[in-house]
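Trainee: sequence first, predicted coordinates after that:
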Amino acid sequence: MSIVFSRIDDRLIHGQVVTTWVNMHHVEQIIVLNDKVAGDKTQKSILTMAAPQGINVRAFPVEKFGEIIKRNPITRRTMLLFTTSEDVLRAVEAGVPVEALNVGGMRFQEGRERLTKAVAVTPAERAAFESLLAKGVDVTIQMVPNDEKTNLKEVLS
């Protein structure tokens, strides 16, 4: 399995993602796991244009991707990109191997609890993070590689 990096970022593909994380992990393809994005041709096209040249971008519904990787192992160095912890939990439960998860931006809005400057969660997203931690997923918050990592366990308590 060649999943080299998994990240939550509600902005999906943008400058920080494509320039720092892709280069750091020598990513060859980005797979976005989000039901809404997977069904939106315009958004998929925008994501493809936002990625660096030579990086393959695909988007799949969460559970469908779990079925796909059981039959078709990933051979390229792949980054999984999610918008919420709920999607990550659904992916893990569908058999997608996520051992470590980097949390970038989950913006604050009304109804969300601020955990850090860049991460705010709904009660359902908090519960999903707690489930991921209980399943042994190593979850850290880090916007860019130069930032210090914060262990999610420390900010959830």
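Mentor: Received, thanks.

Trainee: list the buried residues of stretch 103-113.
Mentor: Buried residues in stretch 103-113, counting neighbours by 16 or more other C-beta atoms under 10 Å, are found at 103, 104, 105, 106, 108, 112. Where C-beta positions appear, they are placed from N, C-alpha and C, glycine not excepted.

Trainee: let me know whether the first one touches residue 155 as I believe.
Mentor: No. Under the contact definition of C-beta atoms under 8 Å, residue 103 does not touch residue 155, with a separation of 9.8 Å.

Trainee: shared neighbours, those two?
Mentor: Shared contacts of residue 103 and residue 155 (C-beta atoms under 8 Å, 6 or more residues apart in numbering): 119, 141.

Trainee: and the two most separated of the buried residues of stretch 103-113?
Mentor: Greatest spacing in the buried residues of stretch 103-113, by C-beta to C-beta: 104 and 112 (15.4 Å).

Trainee: show me what the longest helix seen in the chain is packed against.
Mentor: The residue-count maximum for a helix in the chain (DSSP state H) belongs to helix 123-134. Secondary-structure packing of helix 123-134 (3 or more C-beta pairs under 8 Å, 6 or more residues apart in numbering; DSSP states H and E): helix 85-93, strand 138-141, helix 152-156.

Trainee: apply 10 Å and report the result again.
Mentor: helix 85-93, strand 100-103, strand 113-114, strand 120-121, strand 138-141, helix 152-156 (3 or more C-beta pairs under 10 Å, 6 or more residues apart in numbering; DSSP states H and E).

Trainee: quick check: buried residues in that helix?
Mentor: Buried residues in helix 123-134 (16+ other C-beta under 10 Å): 125, 126, 128, 129, 130, 131, 132, 133.

Trainee: ditto for stretch 72-85
Mentor: Those would be 74, 78, 79, 80, 81, 82, 83, 84, 85, for stretch 72-85 by 16+ other C-beta under 10 Å.

Trainee: repeat that for stretch 139-152.
Mentor: Under 16+ other C-beta under 10 Å, the buried positions of stretch 139-152 are 139, 141, 142, 143, 150, 152.

Trainee: that's all I had, so thanks and see you.
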